[in-house]
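[1] whatever this is, show me its structure:
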Amino acid sequence: MSAKIKNIAIIAHVDHGKTTMVDEILKFTTSLDAKESSERVMDSNDLERERGITILAKNTAVQYKDYKINIVDTPGHSDFGGEVERVLKMVDSCLLLVDAMEGPMPQTRFVLKKALELGHKIILVINKIDKPNCDPDKVVDETFELFMELGATNEQIEFPVVYASAKNGFAIKKLTDERKDIEPLLETVLDYCQDSARDEDGPFKFQVTNLDYNEYLGRICIGRVFGGKGQVNQEVYLLGENEKGEPTQSKQRITKLFSFMGLKRTEVAEVISGDIVAIAGIAEMTIGDTLTSAEPPVALPRIVIEPPTVSMQFMVNDSPFAGKEGKWVTSRNIRERLEKELKTNLSLRVDDLGDKFKVSGRGELQLAILIENMRREGFELGVSKPEVIMREIDGQKMEPYEEIVMDMPESYSGGVIQELNRRRGIMTLMETIADGVVRVKFEMPTRGIIGFRSFFLTETRGEGSLSSIFLEYRPFSGTISGRTRGAIISMETGKANAYALDTIQERGDLFIEPQTEVYVGMIIGIHAKETDLDVNPIKEKKLSNVRASGSDDAIRLTPPRKLTLEQAMDFLEDDEILEVAPSSLRLRKKYLNPSDRKRRG
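    This next block holds a predicted model:
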């Protein structure tokens with residue numbers, strides 16, 4: 001079983017074509033049956049397909065010539081950076097995909113920095129060269145500068161370049177070559193990527209970097225064999241950590257072993273050093289743990305993940321409509337679900353505050369994905385406004401800063417820049433990247449980004465693109481004023497009707513339509529002014545037998561603004577809660593009674 005193995009990860013900024021590239025490699029190596037060859041086959045999660053992003057790192061394997069090539073598809077969004085950090089430990093080389101038009105973006109820097117620190121060799125793939133107005137040569141130069149900036153070694157800087165269009169299924173080594181198939185990329189992988197390090201004669205060593213779950217097999221641990229051979233029924237030591245961070249050791253027996261090929265997981269009797277495999281049957285095992293047959297057992301270095309920067313409070317939904325839609329509504333249900341999430345999501349932290357749970361993550365999107373998954377599973381809960389996690393370093397209050405990069409039509413840039421200046425942002429770059437399109441870079445507190453994305457989409461009429469990346473902790477920059485417009489709040493319970501909404505819509509933008517059930521304290525719109533406004537959305541027209549000219553005009557309502565989960569999270573202020581239920585999202589005040597709100601200031 002001395003197979004030749006290469007382990008590679010595909011890393012890139014979000015939406016630069018990683019998953020599509022994996023699809024093409026699978027198709028070319030015939031690891032994909034016709035019935036499996038749907039678009040973005042690696043994005044198996046419903047949310048991944050809907051949003052067009054990769055959330056969970058996944059691995060596959062292909063056979064090309066004499067080599068088994070293990071390929072790991074990684075998330076491009078920095079909120080899921082915890083996935084990238086641990087997955088890079090499994091591989092020896094990386095394919096860095098960069099968009100031929102956009103060039104290196106914030107997440108490109110993030111994933112490349114992690115790969116270079118681990119000493120991985122990099123193949124640069126300039127993807128989407130079929131785009132009009134793209135400039136591949138300029139992008140190669142920009143990426144080279146990024147390598148220099150990140151302190152790449154002389155060997156790493158001598159990276160090969162492959163030009164590709166994953167969507168059209170071809171890769172070429174020179175721009176003048178014939179555009180035929182993906183083979184030039186696979187040839188470059190064989191020529192340049194190092195073989196997986198082997199230690200076949202030493203003791204068995206395996207480290208968990210990913211988890212899966214199966215109803216029949218229980219927990220399935222995915223990771224790399226760093227030494228020796230593993231066999232079914234072999235006795236091994238499990239070296240882990242308890243809740244206090246103290247090392248633990250126990251004897252276990254391997255009951256099932258799996259090897260990867262294509263999209264299939266095949267049960268095998270033996271696994272060898274250098275391969276990426278799955279082990280089932282050891283319930284206590286979790287990410288970062290080591291399995292070894294060495295005497296005395298020595299643990300591999302644990303995977304260290306960067307700490308969270310944003311937190312939210314999850315609580316039992318106590319609104320008047322509580323329990324109408326959800327299947328799981330109690331604090332015990334929420335606690336069990338969060339504990340289950342912690343087993344597979346290393347970058348998440350959960351603090352039990354009694355009647356609430358403080359959930360901390362790497363960004364708003366990571367928390368939004370968790371909330372969306374929970375509501376699809378039938379959970380009903382309330383969540384508070386996202387808050388930034390401050391730190392005290394050498395007696396000084398510090399807060400996280402992020403770099404934000406925006407591409408937008410030049411005509412909209414003035415309003416965006418003005419808003420970012422209000423949020424204490426510092427502009428570091430403004431350049432024209434195409435006719436009438438500008439790229440603007442800002443460095444700003446994470447506090448300032450919360451609530452900015454929905455403003456940006458509105459201000460650029462949906463034509464702008466925005467991405468951000470965590471930079472570092474810097475001294476606290478002072479207060480940032482919140483939402484510039486107040487909320488329109490219902491002061492009655494019942495069904496909203498068109499007659500009442502017709503007069504209310506003159507005061508701002510509505511979130512609801514006629515016949516929507518409302519309750520006292522529920523937010524039904526955004527006020528045109530800074531102050532909150534209490535209204536009666538269920539007021540009906542008084543009927544009389546007197547007809548008057550002009551009083552019976554047809555009611556014309558402006559279509560309501562339907563907020564997505566992220567937009568609703570962005571909208572929240574400190575005194576507001578987002579009520580999350582399987583089929584609806586409702587914004588409300590913490591204190592529903594108007595007199596209570598006035599009394600509490």
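[2] backbone dihedrals for the closest residue to Val316 other than its chain neighbours, please?
    Spatial nearest neighbour of Val316, excluding adjacent residues (C-beta to C-beta, 6 or more residues apart in numbering): Ser331 at 5.2 Å. To be clear about C-beta, it is placed using only N, CA and C from the backbone, and glycine gets the same treatment. With angles defined as degrees, to the nearest 10, Ser331 sits at phi -70, psi -30.
[3] report pLDDT for Ser331.
    With respect to pLDDT, Ser331 scores 90.
[4] and if you look at Leu96?
    pLDDT, read off for Leu96, is 90.
[5] element containing Ala500, please.
    Using DSSP states H and E, Ala500 falls within helix 498-504.
[6] sheet partners, orientation included, of the helix or strand following that helix?
    Using DSSP H and E, the next helix or strand after helix 498-504 towards the C-terminus is strand 508-510. Sheet pairing of strand 508-510 (DSSP bridges) gives strand 522-527 (antiparallel).
[7] show me what secondary structure element comes after the strand it pairs with.
    For strand 522-527, the succeeding helix or strand toward the C-terminus, using DSSP H and E, is strand 533-535.
[8] could you list every helix and strand that that next one packs against?
    Applying 3 or more C-beta pairs under 8 Å, 6 or more residues apart in numbering; DSSP states H and E, one finds that strand 533-535 contacts strand 487-490.
[9] would you give the sheet partners of the strand it packs on, along with the direction of each?
    Sheet pairing of strand 487-490 (DSSP bridges) gives strand 522-527 (antiparallel), strand 533-535 (parallel).
[10] highest average neighbour count across the ones you listed?
    Burial of the strands paired with strand 487-490 is given as mean neighbour count (mean count of other C-beta atoms under 10 Å); strand 522-527 ranks first at a mean of 24.
[11] how about residues contacting that one?
    By C-beta atoms under 8 Å, 6 or more residues apart in numbering, the residues outside strand 522-527 that reach it are 319, 485-490, 496, 504-505, 507-512, 516, 518, 533, 535, 537, 560-561, 571, 576, 586-589, 592.
[12] show me which of these are buried.
    319, 485-490, 496, 504-505, 507-508, 510-512, 516, 518, 533, 535, 537, 560, 571, 576, 586-589, 592 (16 or more other C-beta atoms under 10 Å).
[13] the stretch 51-200 of the chain: helices as residue ranges?
    Ranges of helices within the stretch 51-200 of the chain are 81-87, 106-117, 136-149, 154-157, 183-192, based on DSSP state H, counting those that start in this stretch.
[14] could I get these as CSV with mean pLDDT, distance to Ala299 and mean neighbour count?
    Below are these laid out as CSV (pLDDT from 0 to 100; distance: least, C-beta to C-beta, whole Å; neighbours: other C-beta atoms under 10 Å):
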stretch, mean pLDDT, distance to Ala299, mean neighbour count
helix 81-87, 68, 15, 23
helix 106-117, 81, 21, 21
helix 136-149, 90, 33, 16
helix 154-157, 89, 29, 11
helix 183-192, 90, 32, 17
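[15] of those helices, which is nearest Thr60?
    helix 81-87 (12.8 Å; C-beta to C-beta).
[16] do a quick rundown of the helices in the stretch 501-601 of the chain.
    For the stretch 501-601 of the chain, the helices defined by DSSP H, counting those that start in this stretch cover 565-571, 594-599.
[17] closest to Pro75 out of the ones you listed?
    With C-beta to C-beta as the measure, helix 565-571 is the member of the helices of the stretch 501-601 of the chain nearest Pro75 (16.6 Å).
[18] centre of the chain to the closest one, how far?
    Put simply, helix 565-571 sits 16 Å off its chain's centre (C-alpha atoms, centre = their mean, to the nearest Å).
[19] same for it, what does it pack against?
    Helices and strands touching helix 565-571, by 3+ C-beta pairs under 8 Å, 6+ apart, are helix 364-376, helix 452-459, strand 576-581, strand 584-589.
[20] reformat the ones you listed as JSON lines; add distance to Asn59.
    Below are these laid out as JSON lines (distance: least, C-beta to C-beta, whole Å):
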{"stretch": "helix 364-376", "distance to Asn59": "20"}
{"stretch": "helix 452-459", "distance to Asn59": "31"}
{"stretch": "strand 576-581", "distance to Asn59": "32"}
{"stretch": "strand 584-589", "distance to Asn59": "35"}
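[21] hmm, back to that, tell me which of the helices of the stretch 501-601 of the chain is the most buried.
    Most buried of the helices of the stretch 501-601 of the chain, by mean neighbour count (mean count of other C-beta under 10 Å): helix 565-571, with a mean of 21.
[22] contacting residues around Arg335?
    For Arg335, the contacting residues are Asp352, Phe357, by C-beta under 8 Å, 6+ apart.
[23] if I look at it, how far off is Phe226?
    Distance, Arg335 to Phe226, by C-beta to C-beta, to the nearest Å: 36 Å.
[24] could you do Ala152 as well?
    Taking C-beta to C-beta, one finds Ala152 at 25 Å from Phe226.
[25] repeat that for Leu112.
    24 Å.
[26] Leu572 now?
    Taken as C-beta to C-beta, the span from Leu572 to Phe226 is 46 Å.
[27] cool, Val14 as well?
    Counting by C-beta to C-beta - Val14 and Phe226 are separated by 30 Å.
[28] thinking again about what came up before, among the helices of the stretch 51-200 of the chain, which is nearest Gly451?
    Checking the helices of the stretch 51-200 of the chain against Gly451 by C-beta to C-beta gives helix 106-117 as the closest, at 19.3 Å.
[29] can you give me how far that closest one is from the chain middle?
    Distance, centroid of helix 106-117 to centroid of chain: 16 Å (C-alpha atoms, centre = their mean).
[30] list the contacts of it.
    9, 11-14, 16, 74, 76-78, 81, 84-85, 88, 94, 96, 98, 104, 122, 143, 146-147, 150-153, 156, 403-405, 467-470.
[31] same check on stretch 406-426?
    102, 404, 427, 430, 432-433, 436-445, 447-449, 452, 455-456, 459-461, 463-466, 477-478, 480-481.
[32] what about Asp318, neighbour count?
    12 (other C-beta atoms under 10 Å).
[33] could I get the contacting residues of it?
    Gly382.
[34] any idea how far it is from Glu183?
    Asp318 is 60 Å from Glu183, by C-beta to C-beta.
[35] Gly230 now?
    According to C-beta to C-beta, Gly230 and Glu183 sit 33 Å apart.
[36] equivalent analysis for Val84, please.
    Remark: distance between Val84 and Glu183 (C-beta to C-beta) = 27 Å.
[37] please pull out the lowest mean pLDDT helix or strand from the chain.
    Least confident element among the helices and strands of the chain, by mean pLDDT, DSSP states H and E: helix 46-51 (a mean of 53).
[38] dump the host helix or strand of Arg337 to CSV, keeping only the CA atoms.
    Assigned by DSSP H and E, Arg337 falls within helix 331-344. Extracted in CSV, the C-alpha atoms of helix 331-344 (Å, rounded to 0.1, in the frame of the first residue of the first chain):
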residue,chain,number,x,y,z
SER,A,331,-33.6,27.4,27.3
ARG,A,332,-32.7,23.7,27.6
ASN,A,333,-33.3,23.2,23.9
ILE,A,334,-31.2,26.2,23.0
ARG,A,335,-28.4,25.1,25.4
GLU,A,336,-28.2,21.6,23.9
ARG,A,337,-28.1,23.0,20.4
LEU,A,338,-25.3,25.4,21.2
GLU,A,339,-23.3,22.6,23.0
LYS,A,340,-23.7,20.5,19.9
GLU,A,341,-22.4,23.3,17.7
LEU,A,342,-19.4,23.7,19.9
LYS,A,343,-18.3,20.2,19.2
THR,A,344,-17.8,20.9,15.5
